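1. sequence first, then the predicted structure:
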Amino acid sequence: MGKIIAIANQKGGVGKTTTTVNLAASLGVLEKKVLLIDADPQANASSGLGIDVDAVEIGSYQVLEHSNAPEEAVMKCSAPNVDVIPAHIDLVAIEIELVDKENREYMLKQALETIKDNYDYILIDCAPSLGLLTLNALTAADSVLIPIQCEYFALEGLGKLLNTIKSVQKLHNPDLDIEGLLLTMYDSRLRLSNQVVEEVQKHFNDMVFKTIIQRNVKLSEAPSFGESIINFDATSKGANNYLSLAEEIIKKNS
């Protein structure tokens, strides 16, 4: 049965989509069958894996609305062993449309029942907010992976996110675990980066992944070619970091 991991943080620009795309590709290279669900209206995870977002007719919007089965929304992408349920700008409207629905927090969870046994891992790229879309992802997920940027304000929003996770555990999903905190955009030359790493490791101990994602130009270049870092430059520091993260997650879940 597939493990569902939501990649969430309400702060933008912390490396959520970069992590979702490259972790999916790394797990795929390590011969795991992966489904990536793009639950962010910006649809960057979809385009980052070579999908033409404007041509998407059935995607995460239709799956959340229950107008199409998830199997109908699945698309192949540029990464081996990885399928994608892409997003489209229409997804912006879903928050308003779900408001009046009964069990609105469970729409994604219910939709995934039919498909989750087909994959080893299902990764959900969440929007940078704590709205209904993210709530659906957290309710459907077995665990949540939280990327944290190695910068001054990184810890500021973390308390808010952890409170949201607690309330989801209490109200909707008592089995939701924290997969781990992932330090991203690390620059060993900066004292501040090192201080953030120390603070996070001191406060959260075993919850922090041993792998740290370093700043890497190739990581920012890869999406413009519609490829993961593994396809774009397998020898880069970014590729090594994400492969190491994938190995850590497989080991933790074996």
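-> Looks like it came in fine. Predicted model only: the values in this text are computed from it and were never measured.

2. which parts of this structure are helices?
-> 16-29, 44-47, 60-65, 70-73, 94-98, 107-112, 132-140, 158-171, 191-204, 217-221, 229-232, 237-253 (DSSP state H).

3. can you tell me which of these is most buried?
-> Each of these was scored by mean neighbour count; the highest is helix 16-29, a mean of 27, by mean count of other CB atoms under 10 Å. C-beta coordinates here come from the backbone N, C-alpha and C atoms, glycine included.

4. pipe the helices of the chain into TSV and attach mean pLDDT and distance to Glu151 per row.
-> Listed next are the helices of the chain as TSV, based on pLDDT from 0 to 100; distance: least, CB to CB, whole Å:
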stretch	mean pLDDT	distance to Glu151
helix 16-29	95	15
helix 44-47	94	20
helix 60-65	92	29
helix 70-73	94	35
helix 94-98	85	28
helix 107-112	95	31
helix 132-140	94	22
helix 158-171	89	12
helix 191-204	86	7
helix 217-221	90	16
helix 229-232	92	21
helix 237-253	95	17
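
5. make a markdown table from those and add distance to Asn81 to it.
-> Converted to a markdown table, the helices of the chain look like this (distance: least, CB to CB, whole Å):
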| stretch | distance to Asn81 |
| --- | --- |
| helix 16-29 | 4 |
| helix 44-47 | 16 |
| helix 60-65 | 20 |
| helix 70-73 | 17 |
| helix 94-98 | 28 |
| helix 107-112 | 19 |
| helix 132-140 | 22 |
| helix 158-171 | 29 |
| helix 191-204 | 31 |
| helix 217-221 | 21 |
| helix 229-232 | 11 |
| helix 237-253 | 12 |
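
6. and of the ones you listed, who's closest to Ile178?
-> helix 158-171 (6.9 Å; CB to CB).

7. relative to helix 191-204, how tilted is that closest one?
-> Relative orientation of helix 158-171 versus helix 191-204 (axes from the mean of the first three to the mean of the last three CA atoms, to 10 degrees): 30 degrees.

8. what does helix 158-171 rub up against?
-> 8-10, 105, 130, 134-135, 138-139, 144, 146, 148, 176, 178 (CB atoms under 8 Å, 6 or more residues apart in numbering).

9. now for the residues you listed, which pair is the farthest apart?
-> Pairwise over the contacts of helix 158-171, using CB to CB, the maximum falls at Glu105 and Ile148, 25.2 Å.

10. which of the two has more neighbours?
-> Ile148 (24 against 18; other CB atoms under 10 Å).

11. nearest spatial neighbour of the more buried one, skipping sequence neighbours?
-> Ala154 (5.0 Å; CB to CB, 6 or more residues apart in numbering).

12. near the one you found, how many other residues are there?
-> Ala154: 22 neighbours (other CB under 10 Å).

13. hmm, it is touching Gly15, no?
-> No: between Ala154 and Gly15 there is no contact under CB atoms under 8 Å: 10.8 Å.

14. still on that earlier bit, so which of the contacts of helix 158-171 are in strands?
-> 144, 146, 148, 178 (DSSP state E).

15. least confident pick among the residues you listed?
-> Of all the ones in strands among the contacts of helix 158-171, Ile148 carries the smallest pLDDT score, 91.

16. I'd assumed Gly157 was in contact with it.
-> No: using CB under 8 Å as the test, Ile148 is too far from Gly157 to be in contact (9.3 Å).

17. find residues that contact each of the two.
-> The contact sets of Ile148 and Gly157 overlap at Asn9 (CB under 8 Å, 6+ apart).
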